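Student: Build the 3D model from these lines:
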Amino acid sequence: MAKGGFPRMPGGNMNNMIKQAQKMQQDMLRAQEELESKTVEATVGGGSVKVEVSGKKELVSIHIQPEAVDPEDVEMLEDLILAAVNEGMRKAEELAASEMGKITGGMNLPGLF
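Tutor: Numbering: from 1, shown residues only. A predicted model of the protein is given here:
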C-alpha cells in the first residue's frame, strides 16, 4: 500500500476513468436535450381521447373526440382522460429510460432522469 493507507493506482487508469465519466456526462446532457424535443402519444377509448407527452414528461396536448363528450356521463370522460395521461407518462418514462440506457449501458443510476 502507498503512504496513507490507500492502494496505488496507475495514473493512466484513473485518467481514463475520469475521461470516460466526463464523456458519459456530456452524452447524457445531449440525450436529455434531445428528449425535450421528442413526444409520445397515448390513445384510449378506441381513439376517443388522445394525449401527447414530451420526453420531459410534460403534457403537451389533449384531443377529445366530440362523441366522447356525454353530459350524462362526465365521469367516464374523466376516467378516459386520466387513463390516457397516465399511459402517456408511462410511455415518456420508458422513452427516457431507453435513451439514457443507451448511454449508461443499463447501469442503474438513481435520480438521473
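Student: Sketch out the low-pLDDT regions of the protein for me.
Tutor: The chain contains residues with pLDDT under 70 at 1-12, 106-113.
Student: For it, just list every one of the strands.
Tutor: 39-44, 49-54, 59-64 (DSSP state E).
Student: Tell me which strands the first one pairs with, and in which orientation.
Tutor: Strands adjacent to strand 39-44 in the sheet, as given by DSSP bridges, are strand 49-54 (antiparallel).
Student: picking that back up, would you list the strands of the chain in TSV and tack on mean neighbour count and distance to residue 75?
Tutor: Just so you know, the C-beta spots here come from the backbone N, C-alpha and C atoms, and that holds for glycine as well. Listed next are the strands of the chain as TSV, based on neighbours: other CB atoms under 10 Å; distance: least, CB to CB, whole Å:
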stretch	mean neighbour count	distance to residue 75
strand 39-44	18	15
strand 49-54	21	14
strand 59-64	14	15
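Student: Export those strands as TSV, with columns for distance to residue 28.
Tutor: TSV is the format used below for the strands of the chain (distance: least, CB to CB, whole Å):
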stretch	distance to residue 28
strand 39-44	20
strand 49-54	18
strand 59-64	23
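Student: quick one: which of those strands is nearest residue 92?
Tutor: strand 49-54 (4.5 Å; CB to CB).
Student: And for that closest one, what's in contact with it?
Tutor: Residues from elsewhere that reach strand 49-54, judged by CB atoms under 8 Å, 6 or more residues apart in numbering: 35-36, 38-44, 59-65, 68, 77, 80-81, 83-85, 87-89, 91-92.
Student: So what's the gap between it and the chain middle?
Tutor: Centroid separation between strand 49-54 and its chain, computed with CA atoms, centre = their mean, to the nearest Å, is 15 Å.
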